[in-house]
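Trainee: Show me the folded form of this:
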Amino acid sequence: MLSQEFPLPEVLRIWDSLLSDITRSDLLIDVCTAMLTLVRDEILQNEFPENMKLLQVRIKILSISKYFFHRLVFSPRTIQA
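Mentor: The predicted model follows:
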């Protein structure tokens, strides 16, 4: 999971978080949603081929820390708590 989207140190961090989180599937969904949300404007402007390149190449540039922060800020479970 996510091993092609991120470098190995970041994959290890993701897996560590996934394995230590009680709601593993929620964490994975939130991280993937954050990935899409962070490039939302570009996705809406581009055609399908450009979006595939964007999601396969550009996403790798962003640090996983940004996705985890985005998940903590925008997760419905965080907002309700």
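Trainee: next one: phi and psi at P7?
Mentor: The phi/psi pair for P7 (degrees, to the nearest 10) reads phi -70, psi 160.
Trainee: tell me what the longest helix seen in the chain is packed against?
Mentor: Scanning the chain for the helix with the most residues, using DSSP state H, yields helix 24-38. Applying 3 or more CB pairs under 8 Å, 6 or more residues apart in numbering; DSSP states H and E, one finds that helix 24-38 contacts helix 8-20, helix 64-74. Placement of C-beta: from N, CA and C, glycine included.
Trainee: ok, now with 6 Å
Mentor: Counting contacts by 3 or more CB pairs under 6 Å, 6 or more residues apart in numbering; DSSP states H and E, helix 24-38 is packed against helix 64-74.
Trainee: picking up where we left off before, may I have the longest helix of the chain exported as PDB, CA atoms only?
Mentor: Output in PDB follows, covering the C-alpha atoms of helix 24-38 (Å, rounded to 0.1, in the frame of the first residue of the first chain):
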ATOM      1  CA  ARG A  24      -6.400   1.300  10.100                       C
ATOM      2  CA  SER A  25      -8.800   1.400   7.200                       C
ATOM      3  CA  ASP A  26      -9.900   4.900   8.100                       C
ATOM      4  CA  LEU A  27      -6.400   6.100   8.300                       C
ATOM      5  CA  LEU A  28      -5.600   4.700   4.800                       C
ATOM      6  CA  ILE A  29      -8.700   6.300   3.300                       C
ATOM      7  CA  ASP A  30      -8.000   9.600   5.000                       C
ATOM      8  CA  VAL A  31      -4.400   9.700   3.700                       C
ATOM      9  CA  CYS A  32      -5.500   8.800   0.200                       C
ATOM     10  CA  THR A  33      -8.300  11.400   0.300                       C
ATOM     11  CA  ALA A  34      -5.800  14.000   1.500                       C
ATOM     12  CA  MET A  35      -3.600  13.100  -1.400                       C
ATOM     13  CA  LEU A  36      -6.400  13.900  -3.800                       C
ATOM     14  CA  THR A  37      -7.600  16.900  -1.900                       C
ATOM     15  CA  LEU A  38      -4.200  18.500  -2.000                       C
END
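Trainee: can you pull the buried residues of it?
Mentor: Buried residues in helix 24-38, defined by neighbour count with 16 or more other CB atoms under 10 Å: L27, L28, D30, V31, A34, M35.
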